[in-house]
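Visitor: below are the sequence and a predicted model; questions follow.
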Amino acid sequence: MAAKKPTKVTKKKNSVAMSERGRLYITATFNNTLVTVTNGDGDTVSWSSSGAKGFRGTRKSTPYAAGLAVEEALKRAVNQGMKSVDVFVKGPGAGRDSSLRAVKAAGLSINAIADVTPIPHNGPRSKKRRRI
């Protein structure tokens, strides 16, 4: 038998430098709502999603599930000392508005709200013109 090679052990980053001001990224798709809370440098503090909260299937894309996902992610961030956030919303999903209401309900002040949904300037090439 060949000798086992020692496996490389990677150390998990446990602590993130916290500040009172952070960023909240909300990605609202048609099937799910993803929430990521970062500090001012962009390091992830906490995250959640509708699927992580236990919703499956079509219930995962509801505004209620999005609100619960935002509440959970922000609860962890507030416990670490976050007080205000800049919100970046991406996507056309149903959880857009309810997630913003959940931010306000969590007790955080909102500094800015930006819609960062990617919009094509020209789009894909159009279909060939019909010849009769």
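Guide: Cool, the structure landed. Numbers count the residues shown, from 1 in each chain.
Visitor: give me the most central residue, the chain.
Guide: residue 35 (2.3 Å; C-alpha atoms, centre = their mean).
Visitor: partner residues bridging it?
Guide: Taking DSSP bridges as the rule, residue 35 bridges to residue 26, residue 48.
Visitor: got the contact list for it?
Guide: 24-27, 47-49, 66, 69-70, 73, 99 (C-beta atoms under 8 Å, 6 or more residues apart in numbering). For the C-beta atoms, the positions are set from N, CA and C on the backbone; glycine is no exception.
Visitor: what does the pLDDT read for it?
Guide: Note on residue 35: pLDDT of 95.
Visitor: now do it against residue 124, distance only.
Guide: Going from residue 35 to residue 124 by C-beta to C-beta, to the nearest Å gives 30 Å.
Visitor: most neighbours among the contacts of residue 35, which one is it?
Guide: The most crowded member of these, judged by other C-beta atoms under 10 Å, is residue 66 (32 neighbours).
Visitor: phi and psi next, for that residue.
Guide: phi -70, psi -40 (degrees, to the nearest 10).
Visitor: that one reaches residue 99, doesn't it?
Guide: Yes. Here residue 66 lies in contact with residue 99, judged by C-beta atoms under 8 Å, at a distance of 4.8 Å.
Visitor: okay, and the common contacts of these two?
Guide: 26, 28, 33, 35.
Visitor: of the residues you listed, closest to residue 129?
Guide: Ranked by distance to residue 129 (C-beta to C-beta), these are led by residue 28 at 36.3 Å.
Visitor: about what we covered before: export the contacts of residue 35 as JSON lines, with columns for pLDDT and distance to residue 16.
Guide: Written out in JSON lines, the entries for the contacts of residue 35 read as follows (pLDDT from 0 to 100; distance: C-beta to C-beta, whole Å):
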{"residue": "24", "pLDDT": "94", "distance to residue 16": "15"}
{"residue": "25", "pLDDT": "96", "distance to residue 16": "15"}
{"residue": "26", "pLDDT": "95", "distance to residue 16": "20"}
{"residue": "27", "pLDDT": "95", "distance to residue 16": "20"}
{"residue": "47", "pLDDT": "94", "distance to residue 16": "12"}
{"residue": "48", "pLDDT": "94", "distance to residue 16": "16"}
{"residue": "49", "pLDDT": "93", "distance to residue 16": "19"}
{"residue": "66", "pLDDT": "93", "distance to residue 16": "24"}
{"residue": "69", "pLDDT": "94", "distance to residue 16": "20"}
{"residue": "70", "pLDDT": "93", "distance to residue 16": "19"}
{"residue": "73", "pLDDT": "93", "distance to residue 16": "14"}
{"residue": "99", "pLDDT": "92", "distance to residue 16": "22"}
